[in-house]
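attaching a predicted model along with its sequence, questions to come.
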Amino acid sequence: MQSSKIERSGLQIDVFPTREEASAAAADEVEALLRKKDSVNLGLATGSTPLPFYRELVRRHREEGLSFAQMEGFNLDEYEGLPSEHPESYDSFMQQQLYAHIDARESHLLPGIYQNAEEACRAYEEKIVEKGGLDWQLLGIGGNGHIGFNEPGSPVDSRTRRIELDERTRRDAVKQFGTLEKVPLAALTMGIGTILEAKRIVLMAWGAGKAGILQKALQGPVTAEVPASFLQTHGNVRILIDEEASQG
Ligand code: F6R
């Protein structure tokens, strides 16, 4: 497998010819953790970016017998108002793409339906701490630089909370929901501070459409206006991208 490395502000950036090869590199990290530790807490993302990564994990489970029995997953976010069985909920996504096909110990997701957002978010943070923190966090990046649903303006020390979705984020979701009216107005998301507490962070991005925002996030100033730029401050972040995404 061929990849080229670029070192930038403490970030390791690996450029692969294809997203499948980059996803296999991410799967290698997860496999190494599973083989080394009795308990592995993975922070997980949804969206189109991680699809080849989840396919690769499922393939390793089926074809190579890789066990996920000591893995617990914690998802980054969930749309407000969607019951877990809604086809566009991130709960459904995770079931379809990953959990229905592997032997994970437990999956944790923020709720789409709740009485009290603050309580639901606090409980999620407490659960992460109780389980010993996140060993490894997977991220995609939104067109506006969001990570999780931490939209521009999200502070570096933000915790898991309710957030109103940006117009841009909602427009990007029309391809899943069909019309803008059907896209939820808000979500619950892990905060930037929550994400930055993960021991290791792997951000993946594919295609020319992500090149510009990646360049801002990785080379530009560290600012709440580009939430992914806070990754420059973490110290154990790996960026896995394909060649098109590297042309920013
Ligand atoms: C998803 C998430 C988002 C996405 C981002 C990119 O759980 O937290 O930050 O990673 O919006 O989405 P895709 O991968 O669909 O381009």
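On my side now, so go ahead.

so the residue nearest to Pro227 when sequence neighbours are not counted bridges to which residues?
Leaving aside its sequence neighbours, Pro227 sits nearest to Asn150 (Cβ to Cβ, 6 or more residues apart in numbering; 4.5 Å). The C-beta positions use only the backbone N, C-alpha and C, and glycine is treated the same way. Bridge pairing for Asn150 (DSSP bridges) gives the partners Ile147.

equivalent analysis for Val15, please.
Ser4, Ile241.

so how far is Leu196 from it?
Going from Val15 to Leu196 by Cβ to Cβ, to the nearest Å gives 24 Å.

which strands and helices sit next to the longest helix along the chain?
Ranked by number of residues, the top helix in the chain under DSSP state H is helix 19-36. Packed against helix 19-36 by the contact rule (3 or more Cβ pairs under 8 Å, 6 or more residues apart in numbering; DSSP states H and E) you find strand 11-16, strand 40-44, helix 51-64, strand 136-139, strand 200-205, strand 237-242.

the ligand contacts on this protein?
45-49, 76-77, 140-142, 146-149 (Cβ under 6 Å from any ligand atom).

quick one, which of those are buried?
For the residues of the chain next to the ligand, a burial check counting by 16 or more other Cβ atoms under 10 Å picks out 45-47, 49, 76-77, 140-142, 146-149.

in TSV, list those along with pLDDT.
Below are those laid out as TSV (pLDDT from 0 to 100):
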residue	pLDDT
Ala45	98
Thr46	98
Gly47	97
Thr49	98
Leu76	98
Asp77	98
Gly140	98
Ile141	98
Gly142	98
His146	98
Ile147	98
Gly148	98
Phe149	98
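
can you name the residues bridging to the closest residue in space to Leu139 that isn't next to it in sequence?
Ranked by Cβ to Cβ, 6+ apart and with sequence neighbours excluded, the top spatial neighbour of Leu139 is Leu203, at 4.3 Å. Here Leu203 sits in beta bridges with Leu139, Ile239, going by DSSP bridges.

ok, Leu203 - contacts?
The contact partners of Leu203, by Cβ atoms under 8 Å, 6 or more residues apart in numbering, come to Leu138, Leu139, Gly140, Ile141, Ile147, Ala228, Leu231, Val237, Arg238, Ile239, Leu240.

next: Arg35.
So Arg35 contacts nothing (Cβ under 8 Å, 6+ apart).

gap between it and Arg161?
In terms of Cβ to Cβ, Arg35 sits 35 Å off from Arg161.

tell me, how many neighbours does Glu126 end up with?
If you count neighbours by other Cβ atoms under 10 Å, Glu126 ends up with 11.

the inter-axis angle of the helix or strand hosting it versus strand 40-44?
In this structure, Glu126 sits in helix 117-130 according to DSSP states H and E. Helix 117-130 runs at 140 degrees relative to strand 40-44, counting by axes from the mean of the first three to the mean of the last three Cα atoms, to 10 degrees.

which residues touch helix 117-130?
41, 74, 108, 110-111, 114, 134, 159-162, 188, 190, 194.

cool, stretch 11-28 as well?
Against stretch 11-28 from outside (Cβ under 8 Å, 6+ apart): 1-7, 50, 52-53, 55-57, 60, 138, 202, 204, 206, 218, 231-232, 237-243, 246.
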